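>>> quick one, fold the following:
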Amino acid sequence: MTTVETQDEPRAIAERPAPSDRVFGGALRFAGLAVLVTMGLVGTFLTIRAVAALRVAGWSFFTTEIWEPDSGTFGIAAVITGTVLIASVAIVVAVPLSVGTALYISEYAPRRLKPTLVSLVDLMAAVPSIAYGLWGFHMLQPMVLGLARWMATYLSWFPLFAIPSSDSSNPLETETVYKSSAFIAGLVVAMMITPIMCSIMREVFTQAPAGEREGAYALGGTRWGMIRTVVLPYGRGGIIGGTMLGLGRALGETIAVYVIISPVFVIQPHILKSGANSVSALIALRNGEAGALGTSALMAAGLTLFVMTLVINFLASMVITRSRSGADSDA
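Reported below is the predicted structural model:
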């Protein structure tokens with residue numbers, strides 16, 4: 001007797017991709033694998049070169065402020081703090097600027113003006129870092145010294161804006177105390193990461209569903225109401241992704257920060273005060289004169305920054321996949 005199946009089984013669909021599709025798929029797999037292998041090789045190289053310094057310093061490498069590898073006393077507590085502060089200033093300034101610019105280009109700008117604005121933003125992203133650094137040192141810094149002094153005078157109740165042992169309300173006080181600070185470096189880095197963040201956000205905003213846009217207008221919504229209820233919720237993944245990409249760029253920026261800051265090897269939590277440091281600037285400053293142990297210590301600092309960037313991007317990818325635009329892109 002033959003048994004009759006009572007449930008319908010799913011029909012197997014045989015796919016026969018064209019040769020061009022197979023070549024394209026293979027190229028994509030190779031590119032993805034190459035990225036993973038390259039990242040793994042970079043991490044392995046930094047780890048191997050950092051072992052000697054980590055054995056000497058131990059866990060104090062993450063708590064020591066002084067950087068004197070020749071004497072066996074070195075750590076990244078000061079430079080990590082400076083890196084985070086500079087990147088934080090950059091993100092606080094760049095996020096609203098990027099969102100506003102992206103919304104204007106995608107929603108408000110006249111159609112004839114949009115290509116020009118897109119080209120200008122993309123062109124800003126291609127400007128070399130040294131150009132931003134020189135612009136920040138010679139032009140931006142003198143212009144924002146008054147702002148820094150005003151913030152230190154009226155916002156000193158906030159610890160980051162306070163400058164100990166300095167009377168900002170004294171008109172005879174020199175403005176040198178406000179130069180080469182983490183605040184100025186953060187502003188310059190913000191100008192560097194804004195075009196990248198804006199480009200990502202703009203692309204996501206323009207992909208908001210047309211049907212939901214029209215539905216918001218049909219219900220009597222204004223343009224801002226449509227943006228607030230449709231575009232921004234849909235573009236949440238793009239905002240987060242662009243912000244995290246900008247944060248990764250801000251954490252690793254070297255030349256512009258190196259040109260502006262006055263390096264100090266103490267934890268400097270006051271962003272308006274002269275003197276700051278970062279991991280990338282430390283590597284640029286000490287790489288040429290470092291001995292064997294000093295080079296290993298620099299590799300350990302680079303490894304720490306490498307791991308920080310990976311963790312930030314991993315967390316960002318988790319948030320993006322849970323957001324609406326990220327979920328739609330994966331579907």
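
>>> can you check which helix is longest in this protein?
Taking DSSP state H as the criterion, the chain has its longest helix at helix 19-57.

>>> so what secondary structure elements neighbour that one?
Packing partners of helix 19-57 (3 or more CB pairs under 8 Å, 6 or more residues apart in numbering; DSSP states H and E): helix 292-322. (Glycine included, C-beta is placed from N, CA and C.)

>>> check which helices and strands the helix it packs on sits against.
Short answer (3+ CB pairs under 8 Å, 6+ apart): helix 292-322 packs on helix 19-57, helix 77-103, helix 236-252, helix 279-286, helix 324-330.

>>> check which residues of that helix are buried.
Using 16 or more other CB atoms under 10 Å as the test for burial, helix 292-322 gives 293-306, 308-309, 312, 316, 320.

>>> show me the shaky parts of the stretch 101-250 of the chain.
The stretch 101-250 of the chain contains residues with pLDDT under 70 at 167-173.

>>> try 50
Confidence mapping of the stretch 101-250 of the chain against pLDDT under 50 gives zero matching residues.

>>> need the strands for it, in chain order.
Assigned by DSSP state E, counting those that start in this stretch, the strands in the stretch 101-250 of the chain number zero.

>>> quick one: name whatever helix or strand follows the longest helix of the chain.
Going down the chain from helix 19-57, the next helix or strand is strand 67-68, by DSSP states H and E.

>>> now what about that following strand, what contacts it?
With contact meaning CB atoms under 8 Å, 6 or more residues apart in numbering, strand 67-68 is reached by 74, 75, 78, 79, 265, 282, 286, 297.

>>> likewise for stretch 296-303?
Contacts of stretch 296-303 (CB under 8 Å, 6+ apart): 43, 46-47, 49-54, 57, 61, 67, 69, 74, 76, 79, 279, 282-283, 286-287, 290.

>>> try it again with 7 Å
46-47, 49-50, 52-54, 61, 69, 74, 76, 79, 279, 282-283, 286-287, 290 (CB atoms under 7 Å, 6 or more residues apart in numbering).

>>> same question for stretch 177-190.
Residues from elsewhere that reach stretch 177-190, judged by CB under 7 Å, 6+ apart: 82, 85-86, 89-90, 93-94, 132-133, 136, 140-141, 144-145, 148-149, 163, 166, 250, 253, 256-257, 260-262, 268, 271-276.
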